[in-house]
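A.B. asks: Below is the structure, and that's it, no one-letter string:
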């Protein structure tokens, strides 16, 4: 007996899913042999589990192919595609018969070679001919349409028959219809978090919307199913971590490389890790104005019910939903929340002349897994940022897009180098001028970061002579200023320092590489996911 099942529930992990199907079998008392369909070609074959009422006992359960189906008496069970093939053969015969009748009627209507037919018989035949031809043509059209539908059904049946079947040999205490549950794992299903961050003003918290994008490629559309999303992955089969021994040895400095190689190595180092954000979107006509006096609000779905399981968080989506195969459109709202943030404008003119509005939030206030977030400034999309609360930091700084109210200029004066003969050294004087202009009518809090170089050699000395009251970080050479930029006013800063080194040596300058999970273009600073930068097209290794 072939028994079909329907998907009623899916439990989706970040990678993989548990599919739960329900069915009903008509059992007789005693021995029963069922062939249960439902598992897909992408499912994990040895992961299935069956659940029946207590009065039903299993004698034998195994995965089989459709060609091996036999009933309790050992008789081969006819496949659905074979039954459809018989119907197709019958329809083809009927179409062939109708076509033969058409030819016969046309032949009988030709009286040029027939002299024994009376005029009255000829008239009668000519009167019947149009109706008979029309009837036969209609029959052929109907049969052809039935044949096309059967061919589609046969293709679907053959596709289903390529999927694995569960052969269940059962023993039932009594006859009747019995419900059952089939459960198995799918590896071609996953979900990923996606966020939306809404900024509505410096005095308001950030409004965060967490969404889920569900992906599945089983080849089967799951219609009206219960969906639960889990933040983790099944890890029963994962190996436990191993702690290797820590070995100590004496350090031997590497051999000196040629100057040419040093120059190539310095050129290959990436620029400092600065998150570049796309330019703000140009202001457009308000949609609210186009809709007249109607008050419009962002469309929201019902959020998920959140529960903490033993090892992960579960999001149970409200109501039943469709999860379509091979599409990126399975989006669900999981939760909404507000997070307290401190806002200021960040400017790093040595890397980027633009100013960016940023929000600083405590990492502990972001209870969500790392993911990309779309940023909106009062309903205007300004770009995307990557939010990783699991990073080794207590404070997260999120870019909210370019702030065009401010302009920044940074000018380096020509470097002056002189030699001190008594000390056998060279000394270089450096001077940098920074100008910040606030074009708005509001006071804007701005954090400016610049830098002076740091020495990695005892023979190189860096001395600062003017920081314009900036705060210096001795470890990385970073100089910061926190200012309140007044409306329509210019604020200036000067950075002066000197570098001394042995005059018989050449001075080399490079930026320190900041390691992280993200890759940035060394030319323009854009986030890179492939081989080429999406902004400037540079090759990124």
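C.D. replies: Done, it's in. Nothing here was measured: the structure is a model prediction, and the numbers come from that model.
A.B. asks: helices and strands around the longest helix anywhere in the chain, which ones?
C.D. replies: When every helix of the chain is counted residue by residue (DSSP state H), the longest turns out to be helix 119-161. Counting by 3 or more Cβ pairs under 8 Å, 6 or more residues apart in numbering; DSSP states H and E, the packing neighbours recorded for helix 119-161 are helix 80-108. Where you see a C-beta, it was placed from the backbone N, CA and C, and this is true even at glycine.
A.B. asks: Show me what counts as buried in the helix it packs on.
C.D. replies: Counting neighbours by 16 or more other Cβ atoms under 10 Å, one finds that the buried residues in helix 80-108 are 80, 81, 84, 88, 91, 94, 95, 98, 101, 102.
A.B. asks: okay, the angle between that helix and helix 119-161?
C.D. replies: Here helix 80-108 runs at 160 degrees with respect to helix 119-161, directions being taken by axes from the mean of the first three to the mean of the last three Cα atoms, to 10 degrees.
A.B. asks: any idea where the strands of the stretch 251-400 of the chain begin and end?
C.D. replies: Read by DSSP state E, counting those that start in this stretch, the stretch 251-400 of the chain holds these strands, from start to end of the chain: 305-308, 313-316, 321-323, 330-339, 342-347, 355-362, 371-377, 380-387, 395-402.
A.B. asks: Report the strands that pair with the first one, each with its relative direction.
C.D. replies: When you say that, I think you mean strand 305-308. Sheet partners assigned to strand 305-308 using DSSP bridges are listed as strand 313-316 (antiparallel).
A.B. asks: any idea of the mean pLDDT in the partner strand?
C.D. replies: On average, the pLDDT along strand 313-316 is 86.
A.B. asks: mind listing what's buried in it?
C.D. replies: Neighbour-count burial for strand 313-316, with 16+ other Cβ under 10 Å as criterion, is recorded at 313, 314, 315.
A.B. asks: Across the sheet, point out what pairs with the second one.
C.D. replies: So the one you mean is residue 314. Counting by DSSP bridges, residue 314 is bridged to residue 230, residue 307.
A.B. asks: Distance of it relative to residue 218?
C.D. replies: When Cβ to Cβ, to the nearest Å is applied, the distance between residue 314 and residue 218 equals 22 Å.
A.B. asks: where does this protein have low pLDDT?
C.D. replies: 66-74, 76-77, 111-115, 117, 234-301, 310, 329, 390, 420-422, 511-541 (pLDDT under 70).
A.B. asks: if we can go back for a sec, using TSV, lay out the buried residues of helix 80-108 together with distance to residue 192.
C.D. replies: Compiled in TSV, these are given as follows (distance: Cβ to Cβ, whole Å):
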residue	distance to residue 192
80	37
81	38
84	40
88	45
91	48
94	54
95	52
98	57
101	62
102	61
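A.B. asks: and which of these is nearest to residue 165?
C.D. replies: Nearest to residue 165 among these, counting by Cβ to Cβ, is residue 80 at 11.9 Å.
A.B. asks: residues contacting the closest one?
C.D. replies: When contacts are counted by Cβ atoms under 8 Å, 6 or more residues apart in numbering, residue 80 is found next to 2, 157, 160, 161.
A.B. asks: okay, which residue is most central for this protein?
C.D. replies: To find the centre residue of the chain, average its C-alpha atoms and take the closest one (Cα atoms, centre = their mean): that gives residue 192, at 5.4 Å.
A.B. asks: Was I right to think that one contacts residue 13?
C.D. replies: No: using Cβ atoms under 8 Å, residue 192 is not in contact with residue 13; the gap is 11.3 Å.
A.B. asks: Pull up the overlap in contacts between these two.
C.D. replies: Counting by Cβ under 8 Å, 6+ apart, residue 192 and residue 13 have no shared contacts at all.
A.B. asks: Residue 134: how many residues sit nearby?
C.D. replies: Residue 134 has 10 neighbours, counted by other Cβ atoms under 10 Å.
A.B. asks: measure it to residue 107 for me?
C.D. replies: 18 Å.
A.B. asks: One more: residue 379?
C.D. replies: Counting by Cβ to Cβ, the gap from residue 379 to residue 107 is 77 Å.
A.B. asks: So what sits opposite residue 347 in the bridge?
C.D. replies: Note on residue 347: beta-bridge partners by DSSP bridges are residue 355, residue 448.
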